[in-house]
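**Q** whatever this is, show me its structure:
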Amino acid sequence: MKKVEIFDPAMCCSTGVCGPSVDPDLTRVASAVYSLENKGFDIKRYQLTNDPDKFADNNKINRVLQEKGPDALPIVLVDGEIANVGGYPSNDELAEWFDTNPEELTEKPKVRLSINMNDLK
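**A** Numbering: from 1, shown residues only. Presented below is the predicted three-dimensional model:
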């Protein structure tokens with residue numbers, strides 16, 4: 001099974017729904033990663049702000065950052081090899097890597113709220 005690691009630039013969240021404008025590419029990638037994780041595939045995202053050790057411990061990521069600077073992010077590794085620099089993989093690429101259909105990568109995280117109507121009185 002393939003292993004995919006996405007090294008994100010520094011940002012406040014991985015979904016793209018924070019701040020004054022929504023980045024549709026980030027929301028697409030967040031949905032795809034969520035769908036793949038739920039299917040048991042080996043895919044991880046690391047943010048420079050939250051996971052600096054993952055960046056520091058990886059020689060390939062370090063080399064790209066030293067050569068190109070932080071504008072090279074995001075960087076995508078597939079089985080430890082650089083697959084993308086400066087952009088996120090398409091859903092077609094993710095589907096190919098994990099041998100699945102691109103249509104299956106659009107599942108959105110569901111949040112459920114439990115409200116007890118008796119507590120509202």
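
**Q** tell me, what residue is most central in the chain?
**A** In the chain, the residue lying closest to the centroid (CA atoms, centre = their mean) is residue 45, at 4.5 Å.

**Q** buried stuff in the helix or strand encompassing it?
**A** Using DSSP states H and E, the element containing residue 45 is strand 42-47. For strand 42-47, burial by neighbour count (16 or more other CB atoms under 10 Å) applies to 43, 45-47. Any C-beta I mention is one placed from the backbone N, CA and C, and that applies to glycine too.

**Q** avg pLDDT for it?
**A** Strand 42-47 shows a mean pLDDT of 95.

**Q** same check, this time on stretch 83-94
**A** Averaging pLDDT along stretch 83-94 yields 96.

**Q** endpoints of it, how far apart?
**A** By CA to CA, to the nearest Å, the extent of stretch 83-94 from end to end equals 11 Å.

**Q** which residues touch that stretch?
**A** Stretch 83-94 has contacts (CB atoms under 8 Å, 6 or more residues apart in numbering) with 4, 6, 25-26, 28-29, 32, 36, 43, 64, 68, 71-77, 97, 102, 105-106.

**Q** repeat the analysis, applying 7 Å as the threshold.
**A** 25, 28-29, 32, 36, 64, 72, 74-77, 102, 105 (CB atoms under 7 Å, 6 or more residues apart in numbering).

**Q** got the residue ranges for the helices in the chain?
**A** 24-38, 52-56, 59-68, 91-98 (DSSP state H).

**Q** mark which of the contacts of stretch 83-94 are buried, thanks.
**A** Among the contacts of stretch 83-94, those scoring as buried are 28-29, 32, 36, 64, 72, 74-77, 105 (criterion: 16+ other CB under 10 Å).

**Q** low-confidence ranges, the chain, go.
**A** Along the chain, segments meeting pLDDT under 70 span 12-22, 107-121.

**Q** residue contacts, residue 97?
**A** Taking CB under 7 Å, 6+ apart as the test, what residue 97 contacts is 2, 4, 78.
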